[in-house]
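> Here you go, sequence then predicted model.
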Amino acid sequence: MLPSISLQIGEQDRRGNYWDGYDWRDRQWWLNHQGRNLGERNRNGHYWDGRRWQDRGWWKKNYYYREGRYWKYDKHGNKHGQKHHNKKGRGHRHDD
């Protein structure tokens with residue numbers, strides 16, 4: 001059995017660097033990227049989602065690019081984040 005170690009995204013080492021899932025990053029890098037720079041790619045081809053690096057398949061299923069930035073698909077799969085409404089709408093009128 002080999003010894004192992006478990007790291008969580010955002011954990012710090014003795015030098016104050018943060019683990020991002022692939023590399024140790026200094027404090028300034030972490031502050032600049034945490035929750036920002038969606039879609040940035042690392043040297044392994046993974047995409048930054050604001051908290052961690054994700055593979056291309058995950059990224060393509062969860063984000064799309066429009067108007068110069070990345071947008072997250074809503075949980076119902078509606079690409080533009082619009083609410084779903086039935087065609088009749090709420091409180092539609094009945095003609096007698």
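Nice, I can see it. Model, not experiment: these values are computed from the prediction. Residues are numbered from 1 along each chain as shown.
> okay, residue 15: pLDDT?
At residue 15, the model reports a pLDDT of 91.
> Look at the residue nearest to residue 8 when sequence neighbours are not counted and say how many residues are nearby.
Closest residue to residue 8 apart from its sequence neighbours, by CB to CB, 6 or more residues apart in numbering: residue 19 at 7.3 Å. (Each C-beta comes from the backbone N, C-alpha and C, glycine too.) The local packing of residue 19 (other CB atoms under 10 Å) involves 17 other residues.
> For residue 19, name its beta-bridge partners.
Beta-bridge pairing for residue 19 (DSSP bridges): residue 24.
> looking at it, it is touching residue 10, isn't it?
Yes. In this structure, residue 19 is within contact of residue 10 by CB atoms under 8 Å, at 6.9 Å.
> re earlier: dump the residue contacts of the residue nearest to residue 8.
Residue 19 makes contacts with 7, 8, 9, 10, 11, 12, 13, 25, as judged by CB atoms under 8 Å, 6 or more residues apart in numbering.
> Roughly how far does the third one sit from residue 67?
Translated: residue 9. Residue 9 is 28 Å from residue 67, where distance means CB to CB, to the nearest Å.
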